[in-house]
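Peer 1: sequence? don't have it. structure:
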């Protein structure tokens, strides 16, 4: 089921059930993280053309019964009629199978492709639908809202959702002492490729120290590869020069004020969540 979840092949009710299991059960999350890390390793080691080769092969063509009957009838038709029937079949079948594929996609919760939802969008425009989630780890993980209040020693679990397609991201936090901590990638020098199209839990939880006032979690998502060291350097400059306690980072104006003036974040989607410290 985890593999089908990663491929987006689950029915909506199964998808919801597995999402709940991932939020509540650390063993299930760990198994999913192992699959994700294996996938990232393969994608970084081999070219995209190699990995896409198997997926690019067409499925075995299955002809509906009504078309089989049509073909049997045409076997008795003179040659000029067969040629005309063949031309008609070539023109019609692609459209029939296209409609079937669209209907199957919609049955799995995938929207029908339209002009507005295609990959063609303004170059440099911000991505959409990225999401950063923070859970309080206890007997059962609790999803935290923005400005939830926690104390020293609380342990949180981060998760992200990136738009479908190849996306890169860096996740970090800034605390009340203006200290910056990197959460993803897990180590310096690692790639910043994200798992796309679904919620992904980080493999390492984070325990809050005694830094006062707040802990602000930030996720930067881009269509282009991100250098984690460069993003952290900018984050450190922001932590030192901006009064983050007074900025509404959940508004477009607040995000633009803090990140918009820095060219590194051009075309990036920036998601934040602030935890207040008691």
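Peer 2: Cool, got the structure. All values reported here derive from a predicted model rather than from experimental measurement.

Peer 1: quick one: the strands in this structure?
Peer 2: Counting by DSSP state E, the segments of the chain that form strands are 131-136, 142-143, 148-150, 155-161, 168-175, 180-184, 199-201, 206-207, 214-222, 269-277.

Peer 1: Can you lay out those as CSV showing mean pLDDT?
Peer 2: Listed next are the strands of the chain as CSV, based on pLDDT from 0 to 100:
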stretch, mean pLDDT
strand 131-136, 95
strand 142-143, 93
strand 148-150, 96
strand 155-161, 96
strand 168-175, 97
strand 180-184, 97
strand 199-201, 93
strand 206-207, 96
strand 214-222, 96
strand 269-277, 94
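
Peer 1: Looking at the ones you listed, spot the one closest to residue 34.
Peer 2: For residue 34, the closest of those is strand 199-201, at 11.8 Å, according to Cβ to Cβ. Just so you know, the C-beta spots here come from the backbone N, C-alpha and C atoms, and that holds for glycine as well.

Peer 1: Okay, now the sheet partners of the closest one, with direction.
Peer 2: strand 155-161 (antiparallel) (DSSP bridges).

Peer 1: Using neighbour counts, pick out the buried residues of the strand it pairs with.
Peer 2: 156-161 (16 or more other Cβ atoms under 10 Å).

Peer 1: Spatially, which two of those residues are the most separated?
Peer 2: 156 and 161 (16.8 Å).

Peer 1: got any ranges where the stretch 51-200 of the chain has weak pLDDT?
Peer 2: Scanning the stretch 51-200 of the chain with the threshold set as pLDDT under 70 gives 51-82, 84-86, 88-128.

Peer 1: got the domain boundaries for this structure?
Peer 2: Following automatic domain parsing, one finds the domains of the chain at 2-56, 131-277.

Peer 1: Now stretch 137-147: buried residues?
Peer 2: By neighbour count on 16+ other Cβ under 10 Å, the buried set for stretch 137-147 is 141, 144.

Peer 1: What lies in contact with that stretch?
Peer 2: Stretch 137-147 is contacted by residues 23-24, 133-136, 150, 155-157, 205, 250, 273-276 when judged by Cβ atoms under 8 Å, 6 or more residues apart in numbering.

Peer 1: Likewise for stretch 178-196?
Peer 2: Residues from elsewhere that reach stretch 178-196, judged by Cβ under 8 Å, 6+ apart: 6, 36, 39-40, 43-44, 158, 160, 162-175, 200, 202-204, 206, 211, 217, 221, 225-229, 232, 235-236, 239-240.

Peer 1: Buried members of those into ChimeraX, please.
Peer 2: To isolate the buried members of the contacts of stretch 178-196 in ChimeraX, using 16+ other Cβ under 10 Å:
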select :6,36,40,158,160,162,163,167,168,169,170,171,172,173,174,175,200,202,206,211,217,221,226,228,232,235,239
